[in-house]
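Participant: prediction below, plus the sequence it came from.
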Amino acid sequence: GNSVTQMEGPVTLSEEAFLTINCTYTATGYPSLFWYVQYPGEGLQLLLKATKADDKGSNKGFEATYRKETTSFHLEKGSVQVSDSAVYFCALTDQGGSEKLVFGKGTKLTVNP
Amino acid sequence: SAVISQKPSRDICQRGTSLTIQCQVDSQVTMMFWYRQQPGQSLTLIATANQGSEATYESGFVIDKFPISRPNLTFSTLTVSNMSPEDSSIYLCSVEPGGARETQYFGPGTRLLVL
């Protein structure tokens, strides 16, 4: 079945550091790919998405490119802020029509001032 | 997008009891989903609830334990029945307002602790 693998956390960075959170997937067909973010004590929010190969999703300074050749969707940000501290989830939807979201295990990011 | 509210936001329950969680959306949507997030874990889909049909449950989840109602296009409930401490989780509903292959939007979640 479809699956998502994220880099193990937690990740601790200093403010203004460069962030990469790796995400790879296994899927049949052509899934849509997502990054969701969960701030402390809050629900999930969509951060960005990409629906086809080579698409780049971007939002709030975060970017991720849908790489079909490497089955990856790594999340990057050039300069993190304390307010970016959260748990980040990579996810995909099945092309098969169920619209089920399959999530990675999440990566907790802490940004220190 | 869609604005989603859930009630209650949190609760502490005794084992053996049941809790019904409500999910309200500010617009009509066909597809609604219920997820569980166990402590420190990722999200797992419990079931898909479409208006006018029975909910479709994922492997490992059964209707007797997690009955779902979907009376109209803006509302759904999930009941966690005969609770045990293992049911302590965050329960989230989500909707897909645009239809197939569109983005899912999540409610704020219901934090449940079973003693």
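Facilitator: Yep, it's here.
Participant: only C-alpha atoms from now on, for both contacts and neighbour counts.
Facilitator: Will do.
Participant: show me the shaky parts of chain A.
Facilitator: Counting by pLDDT under 70, chain A contains low-confidence ranges at A:95-99.
Participant: in it, what residue comes closest to chain B?
Facilitator: Across chain A, the shortest distance to chain B (Cα to the nearest Cα) belongs to residue A:43, at 4.1 Å.
Participant: that residue: neighbour count?
Facilitator: As a burial measure, the neighbour count of residue A:43 was computed by other Cα atoms under 10 Å in any protein chain shown and equals 19.
Participant: what does residue A:53 give?
Facilitator: The burial count assigned to residue A:53 is 16, neighbours taken as other Cα under 10 Å.
Participant: now do the SS call for it.
Facilitator: Following DSSP: H, G, I helix; E, B strand; the rest coil, we place residue A:53 in the coil state.
Participant: so who does the residue of chain A closest to chain B touch?
Facilitator: With contacts defined as Cα atoms under 8 Å, 6 or more residues apart in numbering or on different chains, the neighbours of residue A:43 are B:92, B:106, B:107, B:108, B:109.
Participant: state the distance from it to residue B:106.
Facilitator: Distance, residue A:43 to residue B:106, using Cα to Cα, to the nearest Å: 7 Å.
Participant: what pLDDT is listed against the residue of chain B found nearest chain A?
Facilitator: Chain A sits closest to residue B:108 of chain B, with a gap of 4.1 Å, by Cα to the nearest Cα. Taken from the predicted model, the pLDDT recorded for residue B:108 is 91.
Participant: ok, now which ones touch residue A:111?
Facilitator: Neighbour list for residue A:111: A:12, A:13, A:14, A:15, A:80, A:81, A:82, A:83, A:84, A:85 [criterion: Cα under 8 Å, 6+ apart].
Participant: what two of the contacts of residue A:43 are the furthest from one another?
Facilitator: B:106 and B:109 (7.9 Å; Cα to Cα).
Participant: the more surrounded of those two?
Facilitator: residue B:109 (29 against 25).
Participant: before we move on, back to that, can I get the contacts of residue A:43 in JSON lines with secondary structure?
Facilitator: Below are the contacts of residue A:43 laid out as JSON lines (three-state DSSP):
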{"residue": "B:92", "secondary structure": "strand"}
{"residue": "B:106", "secondary structure": "strand"}
{"residue": "B:107", "secondary structure": "coil"}
{"residue": "B:108", "secondary structure": "coil"}
{"residue": "B:109", "secondary structure": "coil"}
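Participant: need the residues of chain A near chain B, please.
Facilitator: Counting by Cα under 8 Å from any Cα of the partner chain, chain A comes close to chain B at A:32, A:42-46, A:89, A:93, A:95, A:97, A:99-106.
Participant: of those residues, buried ones?
Facilitator: Restricting those to buried positions leaves A:32, A:43-46, A:89, A:93, A:95, A:99-106, with burial counted as 16 or more other Cα atoms under 10 Å in any protein chain shown.
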